[in-house]
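J.: Sequence first, then the predicted structure, then my questions.
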Amino acid sequence: MTTAQTAPSVAKRKRTASPAGPLVLAAISVFGVAFAILVTVMCGLHAWNFDARGYPIVNDFVSYWSAGRLALQGHALWAYDPHLRHAADVATVGHPFADVRGWWYPPLFLFIAAALALLPYAAAFNLMNTVTLLLCGFVTSAIARRREAFFLVAAPPWAMFGIIHGQNQFLTASLIGGIFLTLEQQPMLSGFLLGLLSYKPHLGVLFPIALAFGGYWRAFCWACVSTALLTLLSGIVFGFDTFVPFLHGLTIIGTEATSTVPGYLPTLQSLYGLLRCLNVPENVSWMMQACLSAACIIAVAVLWRSKTAFELKAAGLATLIPLSVPFFQAYDLALLTIALAYLYRHRAFDTRDWVATTCAMLSFGTFWWERSHPATLIACTAVGAIILVRLFGTIRSTSCAGATGGLHLDPKPVLHSGLSLE
């Protein structure tokens, strides 16, 4: 293959994009932003998220605010006692309710919960949503290198679901996106952000594999240091005795919660959760989940060891994290927003990419099924398909380049897919 023959092919691939893409992005951007604004205004006016008596309705944010209040009162340990925390939740909502809300976060997250509890409930709820949404918007636009991406963060259904519950999905996605953004040029900052991610330790289990096989040892070491320092700081502030019930709570969520709380198991967005909902024996479900988790570890190791484009490595890791853990909730699918941003940065979406992205978002409709909600399995498979197609394209391009002497046409830095960074 000659240079003259290759150049049009590369240019054609760079220009391949769905003409309907910009219109779709504009429509869902408007819808997502309008939804976020509407929820914020209605909550501020107590027209939503509050009952007729003016008390908060029972949702996930109740536990955040109640645990933060306990910490501010000097009773951080009580946040890890189900009965005492439930009493605090009852005081927050103003009436008894049977569902004991879970608090599975390490003491590090009490810093955020306590800061939120300094404010009235409605203001704290809106602050959690607004600040983390804006932060995730900035991170996503920096990844995609498109300002328009800022307005897309609130559009996916998993983002709207998290906004309704006042969850921390945007904070998690921002941290993971920030880790990727700073990994190559600022390993110290990247390691510090990974230490902050220890507030959700199960979502960080694949990062040591990626950093080790990718050769990012400086970031790896800084992550260890920052995690240790943040753990020490949270122990000094909230008491080292909080770590024992926190670790005990992890065993509760793994045994008691899945068997004694009827509404908990169907919400698990994992292979384990799906199999258990389909009445597969527990030991078989764990074995199947262990096999999938092992496959994810191997995939991360191979991907990050390879010389493929960093965009595909980051997108692959963000997509595999939800599949690798048995306890994963729907709102944390905001990680796929980071994956899609990196895929768009790697190459503008064509029709096939838009179809896969649409399938990922529509899969969230399964969350309303009564018995099980396999949205994560479907969504991650759809996004993973985009990654695999591009990886195979990279392999073919590399093979062709090797056969013709490895000629590069563009004087700018070229990714292993044969595409320029710009």
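T.: In hand now; what should we look at?

J.: How about the backbone phi and psi for the closest residue in space to residue 90 that isn't next to it in sequence?
T.: When the adjacent residues along the chain are set aside, residue 90 lies closest to residue 96, with 5.6 Å between them (C-beta to C-beta, 6 or more residues apart in numbering). Where you see a C-beta, it was placed from the backbone N, CA and C, and this is true even at glycine. For residue 96, the backbone dihedrals (degrees, to the nearest 10) come out as phi -70, psi 150.

J.: so how far is residue 69 from residue 96?
T.: 18 Å (C-beta to C-beta, to the nearest Å).

J.: Same question for residue 221.
T.: In terms of C-beta to C-beta, residue 221 sits 37 Å off from residue 69.

J.: Which of the two has more residues huddled nearby?
T.: Legend: neighbour count by other C-beta atoms under 10 Å for residue 221 and residue 69, higher for residue 69 (21 against 14).

J.: Can you tell me the SS state at that one?
T.: Residue 69 carries the three-state label helix when classified by DSSP: H, G, I helix; E, B strand; the rest coil.

J.: contacting residues for it?
T.: Taking C-beta atoms under 8 Å, 6 or more residues apart in numbering, we find residue 69 in contact with 88, 92, 117.

J.: Residue 377 too?
T.: By C-beta under 8 Å, 6+ apart, the neighbours of residue 377 are 269, 270, 271, 274, 323.

J.: can you rerun that using 7 Å?
T.: 271, 274 (C-beta atoms under 7 Å, 6 or more residues apart in numbering).

J.: Next one: it from residue 86, what distance?
T.: 32 Å.

J.: Could you tell me the end-to-end distance of stretch 39-57?
T.: 14 Å (C-alpha to C-alpha, to the nearest Å).

J.: Show me which positions of that stretch end up buried.
T.: For stretch 39-57, a neighbour-count test (16 or more other C-beta atoms under 10 Å) marks 39, 40, 43, 49, 50, 56 as buried.

J.: Redo these as TSV? Include distance to residue 317, secondary structure and pLDDT.
T.: Shown next, in TSV, are the buried residues of stretch 39-57 (distance: C-beta to C-beta, whole Å; DSSP: H, G, I helix; E, B strand; the rest coil; pLDDT from 0 to 100):
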residue	distance to residue 317	secondary structure	pLDDT
39	30	helix	93
40	32	helix	93
43	34	helix	93
49	34	coil	90
50	39	strand	92
56	36	strand	92
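
J.: low pLDDT regions in the protein?
T.: Along the chain, segments meeting pLDDT under 70 span 1-22, 251-264, 367-372, 398-422.

J.: Check it and tell me which residue is nearest its centre.
T.: residue 335 (2.9 Å; C-alpha atoms, centre = their mean).

J.: Show the contacting residues for that residue.
T.: 173, 176, 318, 321, 322.

J.: For the first one, give me its contacts.
T.: Under the criterion of C-beta under 7 Å, 6+ apart, the contact list for residue 173 reads 136, 334, 335, 337, 338.

J.: Which two among those residues are spaced furthest apart?
T.: 136 and 335 (10.7 Å; C-beta to C-beta).

J.: re the thing from before, pick out the most distant pair among the buried residues of stretch 39-57.
T.: 40 and 56 (15.2 Å).

J.: quick one, phi/psi of the residue lying closest to residue 250 once chain neighbours are set aside?
T.: With C-beta to C-beta, 6+ apart as the criterion, residue 250 has its nearest non-adjacent residue at 6.8 Å, and that residue is residue 104. Main-chain torsions, residue 104, degrees, to the nearest 10: phi -110, psi 10.

J.: Surely residue 104 and residue 249 touch.
T.: Yes - counting by C-beta atoms under 7 Å, residue 104 does reach residue 249; the two are 5.6 Å apart.

J.: Looking at these two, which has the bigger crowd around it?
T.: residue 249 (20 against 16).

J.: wait, what's in contact with the more buried one?
T.: So residue 249 contacts 80, 104 (C-beta under 7 Å, 6+ apart).

J.: repeat for residue 248
T.: Going by C-beta under 7 Å, 6+ apart, the list of residues near residue 248 is empty.

J.: hmm, try it at 10 Å
T.: Residue 248 is in contact with residue 80, counting by C-beta atoms under 10 Å, 6 or more residues apart in numbering.

J.: Secondary structure element for it, which one?
T.: helix 243-254 (DSSP states H and E).

J.: I'd like to know how many residues surround residue 185.
T.: So residue 185, with other C-beta under 10 Å, has 8 neighbours.

J.: Is residue 365 in contact with residue 161, as I believe?
T.: No - checked against C-beta atoms under 10 Å, the pair residue 365 and residue 161 is beyond contact range at 11.4 Å.

J.: joint contacts of the two?
T.: Joint contacts of residue 365 and residue 161 (C-beta under 10 Å, 6+ apart) are residue 375.

J.: Helices of the stretch 201-350 of the chain, start to end?
T.: 207-214, 217-238, 243-254, 256-260, 271-277, 282-305, 310-324, 335-346 (DSSP state H, counting those that start in this stretch).

J.: Identify the residues contacting the fifth one?
T.: I take that to be helix 271-277. So helix 271-277 is in contact with 258-259, 264-268, 270, 280-282, 284-293, 323-329, 366, 369-374, 376-377, going by C-beta under 10 Å, 6+ apart.

J.: Apply 6 Å and report the result again.
T.: 265, 266, 285, 288, 289, 292, 326, 371, 372, 374 (C-beta atoms under 6 Å, 6 or more residues apart in numbering).

J.: Any of these buried? List them.
T.: 265, 266, 285, 289, 292, 326, 372, 374.

J.: Those residues: which two are farthest apart?
T.: 266 and 292 (18.9 Å).

J.: what about residue 135, how many residues close to it?
T.: For residue 135, using other C-beta under 10 Å, the count is 18.

J.: ok, it - contacts?
T.: Taking C-beta under 6 Å, 6+ apart as the test, what residue 135 contacts is residue 174.

J.: could you redo the last one with a cut-off of 7 Å?
T.: With C-beta under 7 Å, 6+ apart, residue 135 has these contacts: 170, 174.

J.: What strand or helix carries it?
T.: helix 121-144.

J.: Tell me the buried residues in whichever strand or helix holds residue 394?
T.: Using DSSP H and E, residue 394 falls within helix 375-403. Across helix 375-403, burial judged by 16+ other C-beta under 10 Å covers 375-387, 390-391, 394, 397-398, 401.
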